[in-house]
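>>> Need coordinates for the following:
(chains A and B)
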Number of protein chains: 2
Amino acid sequence: MSLHEAIYNCRAMRRLDTREVPESLLLELIEAANQAPSGSNAQMARWIVVRDPAVKKQLADLNRKGVESYVGPQQPMEGELSPHDRIVKSVYWQMEHMHELPALIVACLDYGEKVEGDAIYRKANSIWPAIQNLLLTARALGLGAAPTTLALRDQEAARKVLNLPETFIGACLIPVGYPLGKFGPVTRRPVEEIMRFDRWS
Amino acid sequence: MSLHEAIYNCRAMRRLDTREVPESLLLELIEAANQAPSGSNAQMARWIVVRDPAVKKQLADLNRKGVESYVGPQQPMEGELSPHDRIVKSVYWQMEHMHELPALIVACLDYGEKVEGDAIYRKANSIWPAIQNLLLTARALGLGAAPTTLALRDQEAARKVLNLPETFIGACLIPVGYPLGKFGPVTRRPVEEIMRFDRWS
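Predicted structure coming up:
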């Protein structure tokens, strides 16, 4: 698949089949993520590919807590939905089905030393180019994926579930599987709104 | 170009020609960046494509201050260099030539309200998938690019140079141009070191 097609058809795919994903494809995702640049080339990104049902269940429970505290408990959503409500509905779908999705990939950072305070957030930037490589590669392989940070809001709980050393943080969880919905373009603000030449105003 | 080829041959290209880049290609970079996902789909990324020599000069001066305070003043580097020293040398090259590079793209975030403290760093994550789209697309178009945050360490100074509203932060500066060096693969840690199944240990 061309780079252009991958970039322009890479919707967040939350509704996924339970069908198993071959291990070779999961490894391809991590290999692609591993090519990305990182701040000062520190290469702190670490990846855990979770397929064990017991671990998936624990991560799904953490995600439910994160979603319910950030978005609120699930409400019935019927009829014509706004774009925002459609996203919320798919976040709930992901929440209800997370434990049965084939693979939950957890993107971590290993700081090499215990890091506290806002330094965590500053350095966490370095993992997102890698996550974008992973999402684009999933698209090219016909796999759906959609990152969420809500499952990792409680770092101490996530650390226990995943046996993370204290030099690690969990940055993002990315469920991966064959999509139930259709790939397609995304809707974005027009470029005239988001760019200027030379100075903003 | 295929996604795979772009991902696997996307070195940070700091040594760039002074030759002008067609505006249509610069717009293609921003369009590609604009397709990327963002936290809660907030689409806060904003882009300034700087070609005005006076603005480039001011950004180059800010970058020099950032490099010298982070890496130290430039030292002569001769003979056989370690991989780290080769990066440092190219950072100095970028510093010395930044004012004459054809386009300096500044990635900003518009929070919609004045943001202070560590919230800046937390939300700044959202721009890095877009930056990766931009870097990969530059690669596919035969353009070199390499992001740096050092030019934007002094947010107040950057704000004045670029006339940024107080709801903006400057997240990253990306010089873009035709490369003087060769594209090629990057060296990364082996996958066995950076991934596990199910739990880290």
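
>>> Point out where chain A drops to low pLDDT.
Within chain A, the stretches with pLDDT under 70 are A:117-123.

>>> Can you name the residues that contact the most centrally placed residue in it?
The structure's chain A has its C-alpha centroid closest to A:Pro147; by CA atoms, centre = their mean the separation is 1.6 Å. By CB atoms under 8 Å, 6 or more residues apart in numbering or on different chains, the residues touching A:Pro147 are A:12, A:107, A:131, A:135, A:172-174, B:37. Using the backbone N, CA and C atoms, a C-beta is placed for each residue, glycine as well.

>>> Make CSV out of these and add distance to A:Gly181.
Below are the contacts of A:Pro147 laid out as CSV (distance: CB to CB, whole Å):
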residue, distance to A:Gly181
A:Ala12, 10
A:Ala107, 23
A:Ile131, 20
A:Leu135, 15
A:Cys172, 21
A:Leu173, 19
A:Ile174, 17
B:Pro37, 16
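
>>> Need phi/psi at the residue nearest to the centre of chain A.
phi -70, psi 150 (degrees, to the nearest 10).

>>> Tell me, how many residues neighbour A:Ser126?
By the measure other CB atoms under 10 Å in any protein chain shown, the count of residues near A:Ser126 is 22.

>>> Might you report the residue contacts of it?
A:38-39, A:42, A:44-45, A:109, B:128.

>>> How about A:Asp17?
A:102, A:177-180.

>>> Could you find the closest non-adjacent residue to it?
Using CB to CB, 6 or more residues apart in numbering or on different chains and skipping the chain neighbours, the partner closest in space to A:Asp17 is A:Tyr178 (4.4 Å).

>>> Repeat that for A:Leu104.
Spatial nearest neighbour of A:Leu104, chain neighbours left out: A:Val50 (4.3 Å); criterion: CB to CB, 6+ apart.

>>> Quick check: the gap between A:Val49 and chain B.
When CB to the nearest CB, to the nearest Å is the yardstick, A:Val49 and chain B sit 5 Å from each other.

>>> How about that residue: which residues does it bridge to?
A:Ile105, B:Phe197 (DSSP bridges).

>>> doesn't A:Ala33 make contact with it?
No - the criterion here is CB atoms under 8 Å, and A:Val49 misses it with A:Ala33 at 11.0 Å.

>>> Looking at these two, which is more packed in?
Per other CB under 10 Å, whichever of A:Val49 and A:Ala33 has more neighbours is A:Ala33, with 28 against 20.

>>> Would you mind listing the residues in contact with the more buried one?
A:45, A:47, A:107, A:130-131, A:133-134, A:137.

>>> Of those, grab the buried ones for ChimeraX.
Restricted to buried positions by 16 or more other CB atoms under 10 Å in any protein chain shown, the ChimeraX selection for the contacts of A:Ala33 reads:
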select /A:45,47,107,130,131,133,134,137
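
>>> possible to save the contacts of A:Ala33 as CSV with distance to A:Val71 and secondary structure?
Converted to CSV, those look like this (distance: CB to CB, whole Å; DSSP: H, G, I helix; E, B strand; the rest coil):
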residue, distance to A:Val71, secondary structure
A:Ala45, 27, strand
A:Trp47, 26, strand
A:Ala107, 21, strand
A:Ala130, 26, helix
A:Ile131, 21, helix
A:Asn133, 28, helix
A:Leu134, 24, helix
A:Thr137, 28, helix
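
>>> any idea which of the contacts of A:Ala33 is closest to chain B?
Among those, A:Trp47 lies closest to chain B (CB to the nearest CB), at 4.3 Å.

>>> buried stuff in the longest helix along chain A?
Scanning chain A for the longest helix, with DSSP state H as the assignment, gives helix A:53-70. Applying a neighbour-count criterion of 16+ other CB under 10 Å, one finds A:55-56, A:58-60, A:62-64, A:66-67 buried in helix A:53-70.

>>> mind listing the strands for chain A?
With DSSP state E, the ranges of strands along chain A come out as A:45-50, A:103-110, A:144-145, A:168-177, A:195-197.

>>> contact partners of the first one?
Just to be clear, that refers to strand A:45-50. For strand A:45-50, the surrounding residues in contact (CB under 8 Å, 6+ apart) are A:26, A:30, A:33-34, A:36, A:38, A:56, A:59, A:103-110, A:126-127, A:130, A:162, A:168, B:194-200.

>>> Out of those residues, which end up buried?
Among the contacts of strand A:45-50, those buried by neighbour count (16+ other CB under 10 Å) are A:26, A:30, A:33-34, A:36, A:38, A:56, A:59, A:103-110, A:126-127, A:130, A:162, A:168, B:194-196, B:200.

>>> Over to stretch A:173-182 now: how far is its first residue from its last?
22 Å (CA to CA, to the nearest Å).

>>> hang on, I meant stretch A:179-198
End-to-end distance (CA to CA), stretch A:179-198: 42 Å.

>>> Show me the contact partners of it.
By CB under 8 Å, 6+ apart, stretch A:179-198 touches A:8-11, A:13, A:15-17, A:83, A:139, A:142-144, B:27, B:30-31, B:34-35, B:37, B:43, B:45-52, B:55.

>>> For ChimeraX, what selects the buried ones among these?
In ChimeraX, this line selects whichever of these come out buried by 16+ other CB under 10 Å:
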select /A:8,9,10,11,13,15,16,139,143,144 /B:30,31,34,35,37,43,45,46,47,48,49,50,51,55
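
>>> hmm, back to that, save the contacts of A:Ala33 as JSON lines, and put in distance to A:Val21 too.
Converted to JSON lines, the contacts of A:Ala33 look like this (distance: CB to CB, whole Å):
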{"residue": "A:Ala45", "distance to A:Val21": "21"}
{"residue": "A:Trp47", "distance to A:Val21": "15"}
{"residue": "A:Ala107", "distance to A:Val21": "17"}
{"residue": "A:Ala130", "distance to A:Val21": "19"}
{"residue": "A:Ile131", "distance to A:Val21": "17"}
{"residue": "A:Asn133", "distance to A:Val21": "17"}
{"residue": "A:Leu134", "distance to A:Val21": "13"}
{"residue": "A:Thr137", "distance to A:Val21": "13"}
